[in-house]
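S.K.: I'll drop the sequence and a predicted model, then ask my questions.
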Amino acid sequence: MLNRYFGEKDQKDSIEQILEGATYCSDLFYRKRVDELDQQILDLGPEAPAEKVKELQAVWDAYAKNIVNDLMKKKK
């Protein structure tokens, strides 16, 4: 991506590449949060209150929906 950015002189392509980079950064942020929530849910264990698990799962779903890049998405 950096090679395309620095090698291209077309401003439109450069802006698209900057947006692509911002999307990857955003996806990384949300993916980290999803991974953290996975660990929190696992740490609760099987005897955890269903209400707490549902609450964490709802947050997990919200973060996961914000991931745009298919390679960064995580299956439940």
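M.R.: That came through, no problem.

S.K.: I'd like the mean pLDDT over the helix or strand hosting residue 36, please.
M.R.: Element membership for residue 36 (DSSP states H and E) is helix 11-44. The pLDDT scores in helix 11-44 average 91.

S.K.: CA atoms of the next helix-or-strand element following that helix as PDB?
M.R.: Note on helix 11-44: by DSSP H and E, the next helix or strand toward the C-terminus is helix 50-65. Listed next in PDB are the C-alpha coordinates belonging to helix 50-65 (Å, rounded to 0.1, in the frame of the first residue of the first chain):
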ATOM      1  CA  ALA A  50     -26.400 -15.900  31.400                       C
ATOM      2  CA  GLU A  51     -27.200 -12.200  31.600                       C
ATOM      3  CA  LYS A  52     -23.400 -11.300  31.800                       C
ATOM      4  CA  VAL A  53     -22.600 -13.600  28.900                       C
ATOM      5  CA  LYS A  54     -25.400 -12.000  26.800                       C
ATOM      6  CA  GLU A  55     -24.200  -8.500  27.700                       C
ATOM      7  CA  LEU A  56     -20.600  -9.300  26.600                       C
ATOM      8  CA  GLN A  57     -21.900 -11.100  23.400                       C
ATOM      9  CA  ALA A  58     -23.900  -8.000  22.500                       C
ATOM     10  CA  VAL A  59     -20.800  -5.900  22.700                       C
ATOM     11  CA  TRP A  60     -18.900  -8.500  20.800                       C
ATOM     12  CA  ASP A  61     -21.500  -8.400  18.000                       C
ATOM     13  CA  ALA A  62     -21.300  -4.600  17.900                       C
ATOM     14  CA  TYR A  63     -17.600  -4.600  17.500                       C
ATOM     15  CA  ALA A  64     -17.600  -7.400  15.000                       C
ATOM     16  CA  LYS A  65     -20.100  -5.600  12.800                       C
END
